[in-house]
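In: Quick one, structure for this:
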Amino acid sequence: MSTKRQEKKSFILELRKEGRINEDFLNTVSCLRLEELIAVKLEMSSRMLSGKLYNFPIWYSLPEICKDAMVLFAKSCCKTKADMASLLGVSYTAFLEIYKKYNKDKE
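Out: Got it, this is the predicted structure:
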């Protein structure tokens, strides 16, 4: 075990530092259910394409999008990979594979 103390990161703080969100946005988001937030994001994306998301396999992509979001959440609120595995309800060895898959381009 490392004696070096790891600090928890916050995904919200990262986005705030980048200037991508503010307190008003967070208050608005807190009033929405996850399903509503996803629907708003899809509608905003479809506006750029004149209301069409044709040939984009959204139904089949959603599980991967949700899993990616869960890994981002776990990274932001847990200090160790073991904690992340526990939060996600998977074994540590299964988590290592998941972590490797969803963090290829992020580190």
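In: Spatially, what comes nearest to residue 16 if we skip its sequence neighbours?
Out: What sits nearest to residue 16 in space, not counting adjacent residues and going by Cβ to Cβ, 6 or more residues apart in numbering, is residue 22, at 7.1 Å. C-betas here are computed from N, CA, C, even on glycine.
In: Pull up the per-residue confidence for that neighbour.
Out: In this model, residue 22 is scored at 96, pLDDT.
In: Find the helix or strand that the residue nearest to residue 53 when sequence neighbours are not counted is a member of.
Out: Nearest residue to residue 53 in three dimensions, chain neighbours excluded: residue 46, at 5.2 Å (Cβ to Cβ, 6+ apart). Using DSSP states H and E, residue 46 sits in helix 34-47.
In: Residue 68 versus the residue nearest to residue 53, what's the distance?
Out: 20 Å (Cβ to Cβ, to the nearest Å).
In: and what of residue 41?
Out: Per Cβ to Cβ, residue 41 is found 14 Å from residue 68.
In: and these two? which has more neighbours close in?
Out: residue 68 (14 against 11; other Cβ atoms under 10 Å).
In: List of residues touching the lowest-mean-pLDDT helix or strand in the chain?
Out: Lowest mean confidence among the helices and strands of the chain (mean pLDDT, DSSP states H and E): helix 34-47, at a mean of 89. When contacts are defined by Cβ atoms under 8 Å, 6 or more residues apart in numbering, helix 34-47 is touched by residues 29, 32, 52, 53, 58.
In: what do you get for stretch 81-89?
Out: Residues outside stretch 81-89 that contact it (Cβ under 8 Å, 6+ apart): 70-71, 74-75, 77-78, 91-92, 94-96, 98-99.
In: Check stretch 48-68 too.
Out: Stretch 48-68 is contacted from outside by 42, 45, 46, 98, 102, using Cβ under 8 Å, 6+ apart.
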